[in-house]
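In: mind folding the following:
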Amino acid sequence: MARYTGPKVRISRKFNEPVMGESKVLAKKNYAPGQHGKTKKRKLSEYAMQLAEKQKAKYIYGVLERQFANTFVKASRKKGVTGEVLLQMLEARLDNTIYRLGVAPTRRAARQLVVHKHITVNGAVVGIPSFQLRPGDKVAVREKSKSLETIANSVSINTAKKYNWLEWDTKELEGKIINLPPREEIPENINEQLIVELYSK
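Out: Okay, the predicted model is just below:
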């Protein structure tokens, strides 16, 4: 499956929550897309619920099927609760961290900044959105990219919640990973236990 580039609102309506960003359409059309969207839904099977939760997590973090499966395998080999470790690994992706720091308004925009090599990690340019950050890593906007209008706008209007696991210096446009986020500090509405159950079959 290639990366999803279709209508974002359609995905949000599918899960009845702002999976790919806030939208006014979701308030007006709080039912699934398609001609049968308004009809009464059948009760989902256990497998369908687990699959839907995995799909939702994939769309939220912009991860492909194989990438997601590989991340789960790595998470299952680490110490700790597998579901929580999985979410921590997704949160520690470079593109997600750039989004959390407020350098980009969306994860898609953050991904583009990374791919276009506007971001450095510990002083070195990194162009891989899935790059796994570790506690102590410093993430910054490349010196010659600091004047980019998109970055300046995002940082200036950023009123997002500050996260305890991240440090951010607005003047230097530099952030630091203090630690991996505990589950209660990950705001995404994901039932990670359903994903663990799905892959444990």
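
In: residue 104 against residue 94, yeah?
Out: No. If you go by CB atoms under 8 Å, residue 104 and residue 94 don't touch, sitting 11.3 Å apart. Just so you know, the C-beta spots here come from the backbone N, C-alpha and C atoms, and that holds for glycine as well.

In: following the chain onward from the lowest-mean-pLDDT helix or strand in the chain, which element is next?
Out: Least confident helix or strand of the chain, by mean pLDDT, DSSP states H and E, is helix 25-28 with a mean of 57. Sequence order places helix 46-61 as the next helix or strand after helix 25-28, per DSSP states H and E.

In: low-confidence stretches in this protein?
Out: Applying pLDDT under 70 to the chain picks out residues 1-5, 8, 12-13, 15-16, 18, 20-42, 158-161.

In: tell me where it has strands.
Out: Taking DSSP state E to define them, one finds strands in the chain at 119-121, 124-125, 138-141, 166-169, 174-177.

In: export the ones you listed to a markdown table and tack on distance to residue 55?
Out: Below are the strands of the chain laid out as a markdown table (distance: least, CB to CB, whole Å):
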| stretch | distance to residue 55 |
| --- | --- |
| strand 119-121 | 28 |
| strand 124-125 | 33 |
| strand 138-141 | 28 |
| strand 166-169 | 27 |
| strand 174-177 | 28 |
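
In: okay, those strands in JSON lines with mean neighbour count next?
Out: Converted to JSON lines, the strands of the chain look like this (neighbours: other CB atoms under 10 Å):
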{"stretch": "strand 119-121", "mean neighbour count": "21"}
{"stretch": "strand 124-125", "mean neighbour count": "9"}
{"stretch": "strand 138-141", "mean neighbour count": "22"}
{"stretch": "strand 166-169", "mean neighbour count": "16"}
{"stretch": "strand 174-177", "mean neighbour count": "19"}
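
In: how about the residue nearest the centre of the chain: what's its closest non-neighbour residue?
Out: For the chain, the residue nearest the mean C-alpha position is residue 61 (3.0 Å; CA atoms, centre = their mean). Using CB to CB, 6 or more residues apart in numbering and skipping the chain neighbours, the partner closest in space to residue 61 is residue 90 (4.8 Å).
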